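Colleague: just to be clear, the model below is a prediction. Sequence and coordinates:
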There are 2 protein chains.
Amino acid sequence: MRNFEYYNPTRIVFGRGSIAKLAELVPAGAKPLLVYGGGSIKRNGVYDQAIAALNGFEVAEFSGIEPNPRFETCMKAVERVAADACDFLLAVGGGSVLDACKFIAAAAKYDGDDPWEILSKWAPVEAATPLGAVLTLPATGSEMNAGSVISRDSTNEKLFFGSDHVRPQFSILDPETTYSLPPIQTANGVIDAFVHVAEQYMTYADANPLHNRQAEAVFRTLIEEGPKALTDPENYDVRANIMWCATNALNDWLSLGVPTDWASHMIGHELTALYGTDHGTSLAIVEPGVWEHQRERKKDKLLQYAARVWDIHEGNDDERISMAIEKTDSFFQSLGIGTRLEDHNIPDEACDLVAKRLADRGVKIGEHSDLGETEVAEILRLRL
Amino acid sequence: MRNFEYYNPTRIVFGRGSIAKLAELVPAGAKPLLVYGGGSIKRNGVYDQAIAALNGFEVAEFSGIEPNPRFETCMKAVERVAADACDFLLAVGGGSVLDACKFIAAAAKYDGDDPWEILSKWAPVEAATPLGAVLTLPATGSEMNAGSVISRDSTNEKLFFGSDHVRPQFSILDPETTYSLPPIQTANGVIDAFVHVAEQYMTYADANPLHNRQAEAVFRTLIEEGPKALTDPENYDVRANIMWCATNALNDWLSLGVPTDWASHMIGHELTALYGTDHGTSLAIVEPGVWEHQRERKKDKLLQYAARVWDIHEGNDDERISMAIEKTDSFFQSLGIGTRLEDHNIPDEACDLVAKRLADRGVKIGEHSDLGETEVAEILRLRL
């Protein structure tokens, strides 16, 4: 087992009716900026619940955060933080709103010339406006981690940063807020969580059996509960389990002491940046390709996954691995998400283009940090 | 799934060589009181590593914390904190030293007449001296939770308290510090961790499949790795996995959203208070009795446990349950721990005596809070 550190002081407040606890969770006397997306929180009642809970606070608002939140939009919110002298950010929405708030929080306190450097150069984040969240879309795990992914229109880039300063002080997870999600968002969320686990699991044999089983616990639960959310969207326990799986999938616990991959995310981010592909969908396209391309090097874990997650015990090694990849691909499709580039009208030239963009940034990916331009193109060609 | 909150800001620093990080973890300028037990840390080099890492700090020391730490000893340490004007407590040892430090921390800042009230009346803990830990014995999970159990000689009591104020700021877990543990301590630690998971799992069917699988992950890993630690005590990965299992078993994650039992602990504490039985051993004696006595009410979970943890698929329900209890009992014995009262020269009258002591305190135990004097005596009689 590798050495590791873990520090995660985010307070999770989980369950029905939890939004009412905002009054105790937002620091007394704070002047919060309520940050949200397109308005679904106004339709499903979450906005009203939040405003009611914040009775007595002077609340400013900033709406219009996009899926795959844009740097340009975030910078407008930074101006609002300054103009309205806000000293707390309250993200109300999914991972995009949360990621945006993390970046806004860091940018609002950034000392350098251009906050884009936080993403492009990983310029150190020395301080950030404190933030909390009301999560309405289980997917990214952003509610209990220190990471954020932001896109920039002018350069078609989608980049990551992380800092303990931008961890949410609290995250409220009320599964009822997810009843009204469109099926495609539910599906993308389940896939996002699934692939988060995979990125921290599907590498090479390690000496961490507890970790392996904890990852498999999330896989199996998502496989069981995910489809139910589509057929029975107001089943509280189903929604609760999916929400909790998504948090468990990326609160960093599953990466402790083990190698991690992240190739599917690196490639998927490029598809999103270039073609606007939904994040979860981009992962559903790419991941089976990464596994197929790397099936020899990932052999031990693929076989373990086949046996423990899909109960595949018949056939030789190659057959069992193929069946496990096929089952995974079918699971994604069963949620209503096409897993091929052509399903989303992404042109064949994407294979070389994505590979070149990563290569131009000097990025080598995968758990061995050695997948370059050739391999990325090969992986994508497996997904035509 | 039940509503829940989770907040756990303890920083875990895990792996070989981690004790050297004390210099960064203890607050600069602090005057720490190094608290430890009988002297094993002097024999195995942990004391020297800690002192070397604390070079530059003015370190006071308090030794002599017993297994099942005594109130009387803790109160002497509280005097030392005051006399030496210490403003940080560093626990170096196992769960007993950690639990003692938590109580010392709370008692040192207690405003009332008698700090015993923190345990006997759950008097509110409003403040505590900050503390950190170097863990040398994986078992109690105290390194990443807010609880503490303290015994009192004059009344033969063993009582619990908990407060966010006494959470360790950090806990260093270096598996190499456990190489020199006597086999019985290793075994008791594995059983303690195992039963912690059981207390949060073996209740009634709930709607939290992720939780169930996470608990089963710890069970299976302890079953696999526990015996190896006895035959191959300097196997780093084995020691690391057991250490990490013990933290996972009681960092409160496994109790989120589900019913919990704790009957085995309540009964076991009385055996320890009356007869000095090792904590882990007391659990190995009691738990199979609780399961046997409650086999109807715990049926769904016992069957799930039989199938998923012990791969028991043959036989009718009753047979599978009996086999699962038997396998668990045998597992404890395979670690060298007798699981019957007579194995430890505990007299038959213990059955009624323990039952009466709990009844006299008005305690009803188990996940339904309805096991009283009659049931406790029956449970123990199953373990003669």
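Modeller: Sure, I can see it.
Colleague: what's the domain layout of chain A?
Modeller: A:11-177, A:181-381 (automatic domain parsing).
Colleague: what about the shortest one, distance to the chain center?
Modeller: Centroid separation between domain A:11-177 and its chain, computed with C-alpha atoms, centre = their mean, to the nearest Å, is 14 Å.
Colleague: swap in the last one?
Modeller: Taking the mean of its C-alpha atoms, domain A:181-381 sits 12 Å from the chain's own mean (C-alpha atoms, centre = their mean).
Colleague: hmm, back to that, next, format the domains of chain A as TSV and append mean neighbour count and distance to B:Gly95.
Modeller: Quick note: C-beta positions are derived from backbone N, CA and C, even for glycine. Shown next, in TSV, are the domains of chain A (neighbours: other C-beta atoms under 10 Å in any protein chain shown; distance: least, C-beta to C-beta, whole Å):
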stretch	mean neighbour count	distance to B:Gly95
domain A:11-177	20	25
domain A:181-381	20	19
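Colleague: could you dump the ones you listed into JSON lines with mean pLDDT added?
Modeller: Formatted as JSON lines, the domains of chain A follow (pLDDT from 0 to 100):
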{"stretch": "domain A:11-177", "mean pLDDT": "96"}
{"stretch": "domain A:181-381", "mean pLDDT": "97"}
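Colleague: out of those, the one nearest B:Ser148 is which?
Modeller: Taking C-beta to C-beta, domain A:11-177 is the member of those nearest to B:Ser148, at 21.4 Å.
Colleague: can you get me the start-to-end distance on the closest one?
Modeller: In domain A:11-177, first residue to last residue: 19 Å (C-alpha to C-alpha, to the nearest Å).
Colleague: pretty sure A:Trp122 sits against A:Ser163.
Modeller: No - with contact defined as C-beta atoms under 8 Å, A:Trp122 does not reach A:Ser163; the gap is 9.4 Å.
Colleague: isn't A:Ala30 up against A:Phe57?
Modeller: Yes - using C-beta under 8 Å, A:Ala30 is in contact with A:Phe57, at 6.8 Å.
Colleague: enumerate the residues of the stretch 151-300 of chain A near chain B.
Modeller: A:175, A:207-210, A:213-214, A:216-218, A:220-221, A:224-225, A:236-237, A:240-241, A:244-245, A:248, A:256-257 (C-beta under 8 Å from any C-beta of the partner chain).
Colleague: give me the helices and strands touching the helix or strand that contains A:Val286, please.
Modeller: With elements taken from DSSP states H and E, the one containing A:Val286 is helix A:279-293. Packing contacts for helix A:279-293, counted by 3 or more C-beta pairs under 8 Å, 6 or more residues apart in numbering or on different chains; DSSP states H and E, involve helix A:183-199, helix A:263-275, helix A:317-334, helix A:373-381.
Colleague: got TSV for the ones you listed, with distance to B:Arg383 too?
Modeller: Shown next, in TSV, are the helices and strands packed on helix A:279-293 (distance: least, C-beta to C-beta, whole Å):
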stretch	distance to B:Arg383
helix A:183-199	41
helix A:263-275	52
helix A:317-334	45
helix A:373-381	58
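Colleague: wait, which of those is closest to B:Arg43?
Modeller: Among the helices and strands packed on helix A:279-293, helix A:183-199 comes nearest to B:Arg43, with 42.4 Å by C-beta to C-beta.
Colleague: between the closest one and helix A:279-293, how many degrees?
Modeller: Angle, helix A:183-199 to helix A:279-293, by axes from the mean of the first three to the mean of the last three C-alpha atoms, to 10 degrees: 40 degrees.
Colleague: and the helix or strand just after helix A:183-199, what other elements does it pack with?
Modeller: Scanning forward in sequence from helix A:183-199 by DSSP H and E, the next helix or strand is helix A:209-231. Judged by 3+ C-beta pairs under 8 Å, 6+ apart, helix A:209-231 is in contact with helix A:183-199, helix A:236-249, helix A:299-310, helix A:317-334, helix B:209-231, helix B:236-249.
Colleague: tell me which of those helices lies nearest to B:Asn8.
Modeller: It is, among the helices and strands packed on helix A:209-231 and with distance given as C-beta to C-beta, helix B:236-249, at 10.8 Å.
Colleague: need the longest strand for chain A.
Modeller: Longest strand in chain A, counting residues (DSSP state E): strand A:4-14.
Colleague: got the angle between it and helix A:236-249?
Modeller: Relative orientation of strand A:4-14 and helix A:236-249, computed by the same axes, to 10 degrees: 160 degrees.
Colleague: grab the nearest non-local neighbour of A:Arg284.
Modeller: Just to correct that, residue A:284 is Ala rather than Arg. Nearest non-adjacent residue to A:Ala284, counting by C-beta to C-beta, 6 or more residues apart in numbering or on different chains: A:Phe332, 4.0 Å away.
Colleague: hang on, A:Phe161 in a helix?
Modeller: No - looking at A:Phe161 with DSSP: H, G, I helix; E, B strand; the rest coil, it is strand, so not inside a helix.
Colleague: test my guess that it contacts A:Ala107.
Modeller: No - counting by C-beta under 8 Å, A:Phe161 stays clear of A:Ala107, with 10.3 Å between them.
Colleague: show me the common contact partners of those two, please.
Modeller: Common contact partners of A:Phe161 and A:Ala107 (C-beta atoms under 8 Å, 6 or more residues apart in numbering or on different chains): A:Ile118.
Colleague: helix, strand or coil for A:Ser171?
Modeller: Following three-state DSSP, A:Ser171 is assigned to strand.
Colleague: residues contacting it?
Modeller: Taking C-beta under 8 Å, 6+ apart, one finds A:10-13, A:132-135, A:143-144 in contact with A:Ser171.
Colleague: please tell me how far it sits from B:Asn55.
Modeller: Distance check for A:Ser171 against B:Asn55: by C-beta to C-beta, to the nearest Å, it reads 40 Å.
Colleague: and what of A:Glu79?
Modeller: Distance, A:Glu79 to B:Asn55, using C-beta to C-beta: 49 Å.
Colleague: likewise for A:Glu126?
Modeller: 29 Å.
Colleague: same question, A:Leu302
Modeller: Taking C-beta to C-beta, one finds A:Leu302 at 48 Å from B:Asn55.
Colleague: swap in A:Lys42?
Modeller: In terms of C-beta to C-beta, A:Lys42 sits 59 Å off from B:Asn55.
Colleague: and the helices in the stretch 51-200 of chain A?
Modeller: Using DSSP state H, counting those that start in this stretch, the helices found in the stretch 51-200 of chain A span residues A:71-83, A:95-108, A:117-120, A:183-199.
Colleague: thinking again about what came up before, among the helices and strands packed on helix A:279-293, which comes closest to A:Glu292?
Modeller: When the helices and strands packed on helix A:279-293 are compared by C-beta to C-beta, helix A:317-334 sits nearest A:Glu292, at 5.8 Å.
Colleague: does anything pack onto the helix or strand following the closest one? Which helices or strands?
Modeller: Sequence-wise, the next helix or strand downstream of helix A:317-334 (DSSP H and E) is helix A:350-360. Judged by 3+ C-beta pairs under 8 Å, 6+ apart, the packing partners of helix A:350-360 are helix A:263-275, helix A:373-381.
Colleague: okay if I get these as CSV plus distance to A:Val286?
Modeller: Output for the helices and strands packed on helix A:350-360, formatted as CSV (distance: least, C-beta to C-beta, whole Å):
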stretch, distance to A:Val286
helix A:263-275, 5
helix A:373-381, 7
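Colleague: out of the ones you listed, flag the one nearest B:Val290.
Modeller: Short answer: helix A:263-275, nearest of the helices and strands packed on helix A:350-360 by C-beta to C-beta, at 45.4 Å.
Colleague: run through who's touching that closest one.
Modeller: Residues outside helix A:263-275 that contact it (C-beta under 8 Å, 6+ apart): A:68, A:149, A:151, A:156-158, A:195, A:198-199, A:277-279, A:282-283, A:285-287, A:290, A:344, A:346, A:350, A:353-354, A:357-358, A:363, A:365-367, A:371, A:376, A:379-380.
Colleague: equivalent analysis for stretch A:181-195, please.
Modeller: A:94-95, A:136-141, A:178, A:218-219, A:222, A:226, A:229-230, A:233, A:242, A:245-246, A:249-250, A:264-265, A:278-281, A:283-284, A:287, A:331-332, A:335-337.
Colleague: same deal with stretch A:199-212?
Modeller: For stretch A:199-212, contacts defined as C-beta under 8 Å, 6+ apart pick out A:1, A:215-216, A:219, A:254-265, A:291, A:297-298, A:300-302, A:304-305, A:367, B:217-218, B:220-221, B:224-225, B:237, B:240-241, B:244-245, B:248.
Colleague: that concludes my questions; thank you for your assistance.
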